[in-house]
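Visitor: Quick one: sequence and predicted model below, then my questions.
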Amino acid sequence: ADQKIDDLNNGTVLLDQWKTIAQNKSDNYMEWLLKPTLEKQPPIKYWTQFSFDLIQLWVKNFEIHIDIGQILNAVTGNSNPNVAIVNAFNGCNIDFFLFTHHLAGAYLYNDTDGNDVISANYTPITVDGASVAVPFSSELSHRLILGTVGSFAFTKPTINPSNKSISWGLNVRDVNLTAVPLGVDLHSYVDAPEENLEYIYFGFTFEPSVDRALGASKGLIKLDQFFAPWNDPDSPYANSPITGLDLAIIYVSTVLHFELNIAKQGQLPEAPTELLKL
């Protein structure tokens, strides 16, 4: 019993009304708040975590210019070897992009605007004199948390003979999932209903190709994400009330652009250390 509710006029009736509203709105967070606190020790829960990342290196240009004549002079003794080796370097032009993609998790969301993507509302705040847009609401409703897992099986890169694509990934078998409402402390979400899935597969397919008109090569990366049938066919409504929600797999991506261009003018003197003297 909740003493504060009991002290209210019609407190129990009010509590039941709130529960009904929460159920009608599929607000699992409010349902969790309205659930009485357990007086006994909560059951032991086991959670599973793993990291799944993709790293892409795109080399746009990689040039290092070497004067072979200077190297030959150093070998044959026609010039000071130390100076000749330095003079052999005629500059470089290195330009590449490094992309990283990190699996942030799987989520459920209520697509109220019907655009098939997660929508969010932002409000501007000022941080150190700069305006920053911060989300204050979104369509996200639950985060899918891994409980116990039967096994992990890594699929090694395999070439598809038909189009020369390469596929690889991670197959997670006998998975127990909990749909945790956003805002709920994971370790406080006791007695949460679990869904058992036969498997979850996270993978990629790389499809290289050549544009013969431009004489350039390119490669497409496709996400291969598969979830086994969710609900138990014998009792499809026994677990989490997630009817009408959509599934989203979220990755956090970063881009690093590195460019180095060194051009050389003239030759170094016979005594290059003289340049360091004032």
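Guide: All right, it came through fine.

Visitor: rest of the way, CA atoms for contacts and neighbours
Guide: Fine.

Visitor: Run through this structure and note the low-pLDDT ranges.
Guide: Where the chain drops to pLDDT under 70, the residues are 1-11, 36-44, 186-192, 231-241, 264-278.

Visitor: Which parts of it are strands?
Guide: 53-66, 89-109, 120-127, 130-138, 140-159, 166-181, 195-211, 216-227, 246-263 (DSSP state E).

Visitor: Rebuild the ones you listed as JSON lines, extending it with mean neighbour count and distance to residue 16.
Guide: Compiled in JSON lines, these are given as follows (neighbours: other CA atoms under 10 Å; distance: least, CA to CA, whole Å):
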{"stretch": "strand 53-66", "mean neighbour count": "12", "distance to residue 16": "46"}
{"stretch": "strand 89-109", "mean neighbour count": "16", "distance to residue 16": "26"}
{"stretch": "strand 120-127", "mean neighbour count": "11", "distance to residue 16": "31"}
{"stretch": "strand 130-138", "mean neighbour count": "11", "distance to residue 16": "27"}
{"stretch": "strand 140-159", "mean neighbour count": "16", "distance to residue 16": "23"}
{"stretch": "strand 166-181", "mean neighbour count": "20", "distance to residue 16": "20"}
{"stretch": "strand 195-211", "mean neighbour count": "17", "distance to residue 16": "27"}
{"stretch": "strand 216-227", "mean neighbour count": "12", "distance to residue 16": "36"}
{"stretch": "strand 246-263", "mean neighbour count": "13", "distance to residue 16": "29"}
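
Visitor: Kindly reformat the ones you listed as CSV containing distance to residue 81.
Guide: Formatted as CSV, these follow (distance: least, CA to CA, whole Å):
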stretch, distance to residue 81
strand 53-66, 15
strand 89-109, 13
strand 120-127, 56
strand 130-138, 55
strand 140-159, 47
strand 166-181, 48
strand 195-211, 44
strand 216-227, 40
strand 246-263, 22
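
Visitor: Ok, which of these comes nearest residue 34?
Guide: strand 166-181 (13.5 Å; CA to CA).

Visitor: Is residue 171 bridged to anything, and to what?
Guide: Counting by DSSP bridges, residue 171 is bridged to residue 153, residue 201.

Visitor: related to what we said a few turns ago, wait, which of the strands of the chain is closest to residue 79?
Guide: strand 89-109 (15.3 Å).
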